[in-house]
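>>> would you be able to build a 3D model of this:
(chains A and B)
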Protein chains: 2
Amino acid sequence: MRELTFFMPTRVVFGQDVVKKAGDGLALGRKALIVTGQTSARKSGALDDVLSVLTGDYVLFDRVENNPTGENCLEGAELAKKENCDYIIAIGGGSPLDAAKVMAVLAVNDKKPLELYGGWENQPLPIVAIPTTAGTGSEVTPYAVLTLHEEETKKGLGGPDLFPRVAYLDPKYTASLPRQVTIDTAVDALSHLVEGYLSNRATPASDFVALQGIAVWGATIPALRAGQFTMEDRENLLLASMLGGITIAQTGTTFVHALGYPLTYFHDYPHGRANGVFMASYLEYTNEHAPERVETVLELLDVPSLEAFRELMNELFADFVGKLHVGEERIRAYAEKAAQTRNVTYSRGTPTVDQLTKILKDNIL
Amino acid sequence: MRELTFFMPTRVVFGQDVVKKAGDGLALGRKALIVTGQTSARKSGALDDVLSVLTGDYVLFDRVENNPTGENCLEGAELAKKENCDYIIAIGGGSPLDAAKVMAVLAVNDKKPLELYGGWENQPLPIVAIPTTAGTGSEVTPYAVLTLHEEETKKGLGGPDLFPRVAYLDPKYTASLPRQVTIDTAVDALSHLVEGYLSNRATPASDFVALQGIAVWGATIPALRAGQFTMEDRENLLLASMLGGITIAQTGTTFVHALGYPLTYFHDYPHGRANGVFMASYLEYTNEHAPERVETVLELLDVPSLEAFRELMNELFADFVGKLHVGEERIRAYAEKAAQTRNVTYSRGTPTVDQLTKILKDNIL
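Purely as a prediction, here's the structure:
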């Protein structure tokens, strides 16, 4: 008998000018902590839209780092406490959205960031999430990923009360993204969809969502190749990104994410690109364990073969793939750390340290 | 640009023995009001399963009527208040599930049932929903339908806080349903899926869900025809019913429901059958306004034509269709009342009183 669970309590509002149309309804409380990075919230026009409709109080925290640390989140949480904010509006890519979730917890729980991996008691502040990239899907997930210098890696934390209360998605906010950022984040969305569909935690419910997302993403391949995006492409990518978020909210991610973290931590690879480097090997590996699922992915993407998929990834990351020169010892250490993650156990055929080492070597040595 | 909203905050847990597996996790508070009708909760085995895992306090309200009234719900709410219940476990078909939602509101808001159509202030008690039929989808909707003797009809009420907190769906609870009840409720599920897909409020998000549901429902047509159901058929019907609920939670229903209410109120037709009577005419009518959508429905059901769809409905309701002898004046009155519902405005091509009269005549005169 089929078994499935499904939980995604975020209210999704997707379309043109949805923030402006929300008007006063955007506010979830008396006073907002607006959480952003240093540029994208402004450049995308999203912050202006929010400020144009928000009639209540707010205070701005615009110092979220790329790949935020716990300390960075604590800073925002302290501001929320000091200013008596009772909800958060998070605007940006994955970093501000994830950081906002951690701030939402820290603002009402007397804990250090690292202690959050053991859970928390008080219900986090409610969050309005407004993505300005099409990749993270964080607006519809209960996850936040922190950079932990203590452990020299990135590590996800999660809890059912971390789903944003509402997500406003307007493709126009992604229109100003440069070509390579669009590609990097698009591949992040693809990795969520494909990892979710190929995960051993996939259910009929997550499959419904993932397969729709893979098909929508596939329609953007010509645009990704050309590096030119119409508003319809932007729309498809944002929709695919959201569907990817809903997917991994059910399934979690797999070893692609576990292998990608050191590329971001040690080699400054943007998150999506760090995943993209391993996507072809992931499909090849999983093809040994669930060939019919891999075939479905390729069909929906309208990519004729595993080789053609590898070529597509190589093309999208032409300036980067294969150009990391990491020593063998280092690679072994990355594989050993990855093998200890939960993500690896969610992968079909649960790869060993040796197998992970080979995949790392094949792609970054 | 596509516009879509999506909101379905209920946690869904679907599969074999999900109630037993939930164990203590079933409880959402200190003391439960268990809401059921007089037979199905017991006969299905669902009540036994709940009582076998519930370690906390509870009180049983097993007097939900078929097509419950506000007074009936008030009775349950009074019991919840008197017994200090802080959450509800609803077990049964649409009637207990809908009644439980109204009780959840009345237990914490000092209002008369009819006043609820104007809204309420306090957050209703949280609800665990356990369906024992595969049709209503109420376990994943924010709606409750009450019978209003004052207005001689049934009328839906809704609010975003009426979604059950958790829904446990186990196909085995539907295994003991008689053939005709299985068919009546299955057609209710189909009407939700098809009305949602053909509604002028359909969005890409509701379409994703509806199309999956229509395909899953279509796989059960041979079983519905034969009146014999394997556990896989039961599973498909329960899944389709849930997907129908998620669909109408986004779109609402259309004129089929508006026309069906008098058949239930005045002629004791079970809800699903009351919808089923008009389904063929609904597809024919909508075919004038959105032929490509109607074609998609027929394709997914693997039903070759509109005529074949009408034959299918006639076959499933062989003992009932066409045998109501309602006078012309009465029919006009039904059409006039239906024309005033919101459901009608959600229908493509918004039918007039004359058009509704014709559809009624064609099917029940």
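
>>> distance of residue A:101 from residue B:317?
Distance from residue A:101 to residue B:317, counting by CB to CB, to the nearest Å: 51 Å. For the C-beta atoms, the positions are set from N, CA and C on the backbone; glycine is no exception.

>>> no no, residue A:355
With CB to CB as the criterion, residue A:355 and residue B:317 are 58 Å apart.

>>> more neighbours, the two?
residue B:317 (21 against 18; other CB atoms under 10 Å in any protein chain shown).

>>> my guess is the more buried one contacts residue B:279, does it?
No. Applying CB atoms under 8 Å, one finds residue B:317 not in contact with residue B:279, separated by 9.8 Å.

>>> so what's in contact with these two at the same time?
Counting by CB atoms under 8 Å, 6 or more residues apart in numbering or on different chains, the contacts common to residue B:317 and residue B:279 are residue B:187.

>>> tell me the SS of residue A:155?
Under DSSP: H, G, I helix; E, B strand; the rest coil, the three-state class of residue A:155 is strand.

>>> find the nearest non-adjacent residue to it, please.
Ranked by CB to CB, 6 or more residues apart in numbering or on different chains and with sequence neighbours excluded, the top spatial neighbour of residue A:155 is residue A:148, at 5.4 Å.

>>> OK, contacts around that neighbour?
Shown in contact with residue A:148 (CB under 8 Å, 6+ apart): A:69-70, A:114, A:154-155.

>>> buried members of those into PyMOL, please.
Per 16 or more other CB atoms under 10 Å in any protein chain shown, the buried members of the contacts of residue A:148 correspond to this PyMOL selection:
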select buried, chain A and resi 69+70+154
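
>>> which among the contacts of residue A:148 gets closest to chain B?
residue A:155 (25.3 Å; CB to the nearest CB).

>>> check contacts around that closest one.
Each residue near residue A:155 by CB under 8 Å, 6+ apart is listed here: A:117, A:145-146, A:148, A:261.

>>> narrow these to those that are buried.
The neighbour count (16+ other CB under 10 Å) marks A:145-146, A:148, A:261 as buried among the contacts of residue A:155.

>>> of all pairs in the residues you listed, which one spans the longest distance?
Put simply, by CB to CB the two of these set farthest apart are A:146 and A:261, 11.0 Å from each other.

>>> what touches both of the two?
Here residue A:146 and residue A:261 share the contacting residues A:154-155, scored by CB under 8 Å, 6+ apart.

>>> quick check: residue A:195 touching residue A:250?
No. Using CB under 8 Å, residue A:195 makes no contact with residue A:250, being 11.7 Å away.

>>> looking at these two, which one has more neighbours?
With neighbours defined as other CB under 10 Å, residue A:195 and residue A:250 compare such that residue A:195 has more, 28 against 22.

>>> low pLDDT regions in the stretch 201-350 of chain A?
Applying pLDDT under 70 to the stretch 201-350 of chain A flags residues A:321-323.

>>> before we move on, back to that, got the contacts of residue A:148 as a markdown table, with distance to residue A:35 and pLDDT columns?
Below are the contacts of residue A:148 laid out as a markdown table (distance: CB to CB, whole Å; pLDDT from 0 to 100):
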| residue | distance to residue A:35 | pLDDT |
| --- | --- | --- |
| A:69 | 15 | 97 |
| A:70 | 15 | 97 |
| A:114 | 20 | 94 |
| A:154 | 19 | 92 |
| A:155 | 20 | 93 |
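
>>> now for the contacts of residue A:148: which two are most distant?
Among these, A:114 and A:154 lie farthest apart (CB to CB), at 13.5 Å.

>>> looking at the stretch 51-200 of chain A, which residue is nearest chain B?
residue A:171 (6.9 Å).

>>> how far away is that residue from residue A:44?
According to CB to CB, residue A:171 stands 11 Å off from residue A:44.

>>> what does residue A:273 give?
Here the criterion is CB to CB. By it, residue A:273 lies 20 Å from residue A:44.

>>> what does the stretch 101-250 of chain A have sitting close to chain B?
Selection of the stretch 101-250 of chain A residues close to chain B by CB under 8 Å from any CB of the partner chain yields A:171, A:204-205, A:208-209, A:212, A:231-232, A:235, A:239.

>>> now for these: which two are most distant?
Spatially, the most separated pair among those is A:204 and A:231, at 32.9 Å (CB to CB).

>>> partner residues bridging the residue nearest to residue A:155?
Going by DSSP bridges, residue A:148 is paired in beta bridges with residue A:153.

>>> tell me, what's touching residue A:171 and residue A:44 both at once?
With the criterion set as CB under 8 Å, 6+ apart, the contacts of residue A:171 and residue A:44 do not overlap.

>>> now do the phi/psi pair for residue A:91.
phi -130, psi 120 (degrees, to the nearest 10).

>>> give me the neighbour count for it.
Around residue A:91 there are 30 residues (other CB under 10 Å).

>>> what's the angle from the longest strand seen in chain A to strand B:4-14?
Identified as the longest strand of chain A according to DSSP state E is strand A:4-14. Here the directions of strand A:4-14 and strand B:4-14 differ by 170 degrees (axes from the mean of the first three to the mean of the last three CA atoms, to 10 degrees).

>>> C-terminal to strand A:4-14, what's the next element?
helix A:18-22 (DSSP states H and E).

>>> helices or strands up against that next one?
Applying 3 or more CB pairs under 8 Å, 6 or more residues apart in numbering or on different chains; DSSP states H and E, we find helix A:18-22 packed against helix A:46-53, strand A:166-169.

>>> what lines up beside the longest strand of chain A in the sheet?
Next to strand A:4-14 in the sheet, as set by DSSP bridges, lie strand A:166-169 (parallel), strand B:4-14 (antiparallel).

>>> give me the residues contacting it.
Residues outside strand A:4-14 that contact it (CB under 8 Å, 6+ apart): A:22, A:129, A:139-140, A:160, A:163-170, A:203-206, A:238-239, A:242, A:246, A:249-250, B:2-9, B:11-15, B:205.

>>> mind checking which of the residues you listed are buried?
Among those, those classed as buried by 16+ other CB under 10 Å are A:22, A:129, A:139-140, A:163-170, A:203, A:205-206, A:238-239, A:242, A:246, A:249-250, B:4-9, B:11-15, B:205.

>>> now the helix or strand containing residue A:284, how far from the centre of its chain.
Per DSSP H and E, residue A:284 falls inside helix A:271-287. With CA atoms, centre = their mean, to the nearest Å as the basis, helix A:271-287 stands 15 Å off its chain's centre.

>>> what of stretch A:36-53?
Counting by CA atoms, centre = their mean, stretch A:36-53 is centred 20 Å from the centre of its parent chain.

>>> end-to-end on that stretch?
Distance across stretch A:36-53, first residue to last, is 17 Å (CA to CA, to the nearest Å).

>>> buried residues in it?
A:36-37, A:40-42, A:44-47, A:49-50.

>>> what is the lowest-pLDDT residue among those residues?
Least confident by pLDDT among the buried residues of stretch A:36-53: that is residue A:40, with 89.

>>> and it, what is it in contact with?
If a contact means CB under 8 Å, 6+ apart, then residue A:40 has A:46, A:91-93, A:96, A:132-133 as its contacts.

>>> closest one to residue B:330 out of these, please.
residue A:46 (56.5 Å).

>>> thought the closest one was touching residue A:132?
Yes. Counting by CB under 8 Å, residue A:132 is a contact partner of residue A:46 at 5.4 Å.

>>> so what sits against both of these two?
With CB under 8 Å, 6+ apart, residue A:46 and residue A:132 have common neighbours A:40, A:91-92, A:173.

>>> just to revisit the earlier point, from the contacts of residue A:40, which ones fall inside strands?
If you go by DSSP E, these have A:91-92 in strands.

>>> not counting its neighbours along the chain, what's nearest residue A:1?
Excluding the flanking residues, the one nearest residue A:1 by CB to CB, 6+ apart is residue B:16, at 4.7 Å.

>>> and residue A:52, by the same measure?
Computed as CB to CB, 6+ apart, the closest residue to residue A:52 that is not its neighbour in sequence is residue A:20, at 6.9 Å.
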